[in-house]
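*Asks:* What follows is a predicted structure for the sequence shown.
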Amino acid sequence: MAKKYQKIKRTRQRNNLEENKEWLLQAVENANELIIVTQAGFIKYYNPKVIQFSGYSSQELTSQPVTEFIHPDDRDRVLKYYYARLRGEETAGVYTFRIIDKAGQVRWVEKIGVQTTWEGQPAILCMISDITSHKQVEEELHRRNRELALLNRIIAASAATPGKDQEAILEVVCRELALALNVPHAVAALLDKMKTTITVVAEYSAEKRLATLPQTWPVVDDPLGQYLLSHKTLLVTGEDLNNPHLDLIHNHLRQRGIASLLLVPLVIEGEVVGSLGLASLEPRRFSTGEINLTWSVADQLAGILARVRLEENHQQLEEQYYQAQKMEAVGRLTAGVAHDFNNLLTTINGFAALIQAELQPDDPCQEMADTILRSGQRAADLIRQLLAFSRKQMIQPQVLNLNSIVVELDKILQRVIGEDIDLKIRLAPELWPVKVDPAQMEQVILNLVVNARDAMPTGGQLTIETANVVIDDNYVADHLDTQPGKYVLLAISDTGCGMSPEVKAHIFETFFTTKERGHGTGLGLATVFGIVKQSGGNIWVYSKEGMGTTFKIYLPCVEEKMMGLPASLESGPEGMLGSETILLVEDDMWVRELLRRVLPKLGYTLLEAGNGQEALRLLADYPDPIHLLLTDVVMLGITGKTLAEEASRTRPGLKMLFMSGYTDEAIVQHGVLDAEAAFLQKPFSLMALAAKIRFVMDNLPDKGEPK
């Protein structure tokens, strides 16, 4: 009975075992995990999920060593765990590695291995889970953390760096990016405002052969810069440099020995302002993550540069505003002083001329009188410069082609600069007309040319150019006191010693000079500044030490008809005499005394008044005709302009001639005399006075006559 019971029990256990085996096999076959049994380095068993996951056929799975399916970088580590498990050693129960499926894709898996037997021989049972998605999320988080850490370091560096020192910020970016991506060379380059040159401003280089700091070159000679400007997108090169569309770039890289390059544009408000590049002497492929990280850094860097440039522009506009205020204050002071000096010089020069006329030609005093006149004329020239600087000088603007003035000066300029300076004149055809005083523009050109000559003591090149330009709102935003519109550009450039930022900040100030004592008045550039402003234009200087200087003058284009240059009034004594009656109004007693002696000698009947009130009484009481009112402009009480208006009402046929050493804003609007007013600038020669009186008497209409 017992034997029968034991037999039944064994049969039942055997049946249960078969049932359990069948259930276990079904569970393995239908499991989501990959289950394999490996023995002696080959796969002995696998569930269907392995084929579905890997894409390999049954023949491929069992005929090749299992290491063939493992990523080459992970094989040694997996084999180490495998043999340790076979020896029964304690190893990590769970570890991760990469496999390569039939399509060549890299998949991350997590493996649990236990020792077992297969057909009586030691084997390893492996349960493998696909963790590719988890790894991708993990890598993305790691990439983002690395990106954030890098960006935070860049932001911290920009916050700790002085606002204007963008080179220091770029240097930090190059270093941090190169170290983060393990690239031997990172470089930052910036374009100039006109996008004609590109300059390396910062770099990090572990390869001396790749170092380029500091270098500047034309964009036309740089295929990389041209690519960025035309495409506004990144450029990535690797082992394959055979793209025919990029032949120029590939040749450029080969010449420099660069095997791999990642170049990203720096873009501010849609405009490429520079580039951020990563380069290697060895072939390498930049991953998508590395490219995205570099893009992010470039975007962050562009934002920092935009802020820096905004601060620089703000500071530049502030400096221009304060400089304009200072120039205006000095100008008012200068104009006032010049007015008094002009009255003194009128008297000195006039009486010297009278003395000279009274002396015999062989009189020894002739030489002294002549010396007084020459000194007085030099002083008068100096005063004219002061008035031009203060923008109070009386000008006689005409509509003309600026090229004609440059052509007229050509021979003089050659003599001024000497033989060791090469003069290049490039005049734009069909230049737009401008309205300027031709004599003043000659003075502007001569002053700038003399400065350029002094900056090139050992020779060099001087270039004078003209061009038609249109100034837009972007230019106006960066340049104080400018308006958009059509302008004529006059540019004068030299290859001389250039200027430091400190010198450049003061060059237009009165009496500022870098020349030795006795070799410069400090009025040349101040005069240029005043003339340009008085003509409604703007002047800007571009200079670096050792790299020469360029002055750019922008004069507004006008639509009026051009006319020729005026003939001089000082044509000689013939026809200078007259017989009319002149009412002289002058508050300076010495100038009045001079004219009291001169005008009767010219045949005129002279009436005198020391101020406007006296002049009005004479106009009312004098019974005979008065033909000309010769009046000073700036007087206490009634000014010359007010007097002229009153005189026109009481004496409709009266002609007017104004004179002054300084023109008041009551007469001058933006430095230009009313076209109806005849004017004589003090100090004047007696010949000029006589000629001007005859010109007014014989050519200008009476104030009371209809126009």
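*Replies:* On my side now, so go ahead. A quick note: this is a predicted structure, and the numbers were derived from the prediction, not measured. Numbering: from 1, shown residues only.

*Asks:* and stretch 120-139, which residues are buried?
*Replies:* The neighbour-count check on stretch 120-139 (16 or more other Cβ atoms under 10 Å) flags 123-130, 135 as buried. C-beta coordinates here come from the backbone N, C-alpha and C atoms, glycine included.

*Asks:* Return the subset of the residues you listed lying in helices.
*Replies:* Lys135 (DSSP state H).

*Asks:* Contact partners for Met589?
*Replies:* Gly610 (Cβ atoms under 8 Å, 6 or more residues apart in numbering).

*Asks:* Show me the contact partners of the host helix or strand of Ala168.
*Replies:* For Ala168, the host element (DSSP states H and E) is helix 166-181. Applying Cβ under 8 Å, 6+ apart, the external contacts of helix 166-181 come out as 146, 150, 153-154, 157-158, 161-162, 183-188, 201-204, 206, 276, 278, 286, 290, 293-294, 297, 301, 304-305, 308-309.

*Asks:* returning to what we had before: tell me which of the buried residues of stretch 120-139 fall in strands.
*Replies:* Using DSSP state E, the subset of the buried residues of stretch 120-139 located in strands is 123-130.

*Asks:* List only buried entries from the contacts of helix 166-181.
*Replies:* 150, 153-154, 157-158, 161, 183-188, 201-204, 276, 278, 286, 290, 293-294, 297, 301, 304-305, 308-309.

*Asks:* got a list of what the closest residue to Gly277 other than its chain neighbours touches?
*Replies:* In space, and not counting its chain neighbours, Gly277 is closest to Leu263: 4.5 Å by Cβ to Cβ, 6 or more residues apart in numbering. By Cβ under 8 Å, 6+ apart, Leu263 lies in contact with 224, 227-228, 234-236, 275-278.

*Asks:* For those, name the two members farthest from one another.
*Replies:* Maximum pairwise distance in these, criterion Cβ to Cβ, is 15.6 Å, between Tyr227 and Leu278.

*Asks:* in stretch 485-498, what counts as buried?
*Replies:* Result for stretch 485-498 [16+ other Cβ under 10 Å]: buried residues 487-498.

*Asks:* Sketch out the strands for the stretch 501-650 of the chain, chain order is fine.
*Replies:* Ranges of strands in the stretch 501-650 of the chain, per DSSP state E, counting those that start in this stretch, are 538-543, 549-556, 581-585, 605-609, 628-632.

*Asks:* The stretch 301-450 of the chain too?
*Replies:* With DSSP E, counting those that start in this stretch as the criterion, the stretch 301-450 of the chain has strands spanning 398-400, 421-426, 434-436.

*Asks:* Burial-wise, tell me which of the ones you listed comes out on top.
*Replies:* strand 434-436 (a mean of 23; mean count of other Cβ atoms under 10 Å).

*Asks:* ok so, going back, format the ones in strands among the buried residues of stretch 120-139 as a markdown table; extra columns: distance to Leu654 and pLDDT.
*Replies:* Shown next, in a markdown table, are those (distance: Cβ to Cβ, whole Å; pLDDT from 0 to 100):
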| residue | distance to Leu654 | pLDDT |
| --- | --- | --- |
| Ala123 | 129 | 84 |
| Ile124 | 124 | 82 |
| Leu125 | 126 | 84 |
| Cys126 | 120 | 84 |
| Met127 | 119 | 85 |
| Ile128 | 115 | 86 |
| Ser129 | 112 | 85 |
| Asp130 | 109 | 85 |
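
*Asks:* can I get those residues in CSV with distance to Val436?
*Replies:* Formatted as CSV, those follow (distance: Cβ to Cβ, whole Å):
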residue, distance to Val436
Ala123, 101
Ile124, 96
Leu125, 98
Cys126, 92
Met127, 92
Ile128, 88
Ser129, 85
Asp130, 82
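
*Asks:* Okay, now the unreliable bits of the stretch 151-300 of the chain?
*Replies:* Residue ranges of the stretch 151-300 of the chain with pLDDT under 70: 151, 154-155, 157-165, 209-212, 238-245.

*Asks:* show me where it has helices.
*Replies:* In the stretch 151-300 of the chain, the segments counted as helices under DSSP state H, counting those that start in this stretch are 166-181, 223-231, 247-256, 288-358.

*Asks:* which one of the ones you listed is the most hemmed in?
*Replies:* By mean count of other Cβ under 10 Å, the helices of the stretch 151-300 of the chain have helix 166-181 as the most buried, with a mean of 21.

*Asks:* Can you check what angle separates that helix from helix 288-358?
*Replies:* 170 degrees (axes from the mean of the first three to the mean of the last three Cα atoms, to 10 degrees).

*Asks:* Enumerate every residue touching the spatially most central residue of the chain.
*Replies:* The centroid of the chain falls nearest to Lys193 when counting by Cα atoms, centre = their mean (4.2 Å). For Lys193, no residue meets the contact criterion (Cβ under 8 Å, 6+ apart).

*Asks:* Then Leu657?
*Replies:* Leu657 touches 628-631, 678-680, 692-693, 696, counting by Cβ under 8 Å, 6+ apart.

*Asks:* change it to 6 Å
*Replies:* 630, 678, 696 (Cβ atoms under 6 Å, 6 or more residues apart in numbering).

*Asks:* May I have the predicted confidence score for the second one?
*Replies:* Just to be clear, that refers to Ala678. Looking at Ala678, its pLDDT stands at 79.

*Asks:* Help me confirm that it comes into contact with Asp698.
*Replies:* No - proximity of Ala678 to Asp698 does not meet the contact threshold set by Cβ atoms under 6 Å, at 11.8 Å.

*Asks:* between the two, who's got more neighbours?
*Replies:* Ala678 (18 against 9; other Cβ atoms under 10 Å).

*Asks:* how many neighbours does Ile464 have?
*Replies:* 21.

*Asks:* three-state assignment of it?
*Replies:* At Ile464 the chain is in strand, as set by DSSP: H, G, I helix; E, B strand; the rest coil.

*Asks:* Nearest spatial neighbour of it, chain-adjacent residues omitted?
*Replies:* Ile425 (5.0 Å).

*Asks:* Ile43 - that's part of a helix, no?
*Replies:* No - Ile43 sits outside any helix when classified using three-state DSSP, being strand.

*Asks:* I'd say it and Leu61 touch.
*Replies:* Yes - Ile43 lies in contact with Leu61 (Cβ under 6 Å); the separation is 5.3 Å.

*Asks:* When these two are compared, which one has more neighbours?
*Replies:* Ile43 (21 against 18).

*Asks:* Look up how far Lys102 lies from that one.
*Replies:* 15 Å (Cβ to Cβ, to the nearest Å).

*Asks:* what does Phe658 give?
*Replies:* Distance from Phe658 to Lys102, by Cβ to Cβ: 101 Å.

*Asks:* between the two, who's got more neighbours?
*Replies:* Counted by other Cβ under 10 Å, Phe658 and Lys102 do not tie: Phe658 has more neighbours, with 23 against 13.

*Asks:* tell me the phi and psi of the closest residue to that one other than its chain neighbours?
*Replies:* For Phe658, ignoring the flanking residues on the chain, the nearest one in space by Cβ to Cβ, 6+ apart is Phe679 at 4.9 Å. Dihedral pair for Phe679: phi -140, psi 140, per degrees, to the nearest 10.

*Asks:* What about Phe679, how many residues nearby?
*Replies:* Phe679 has 19 nearby residues by other Cβ under 10 Å.
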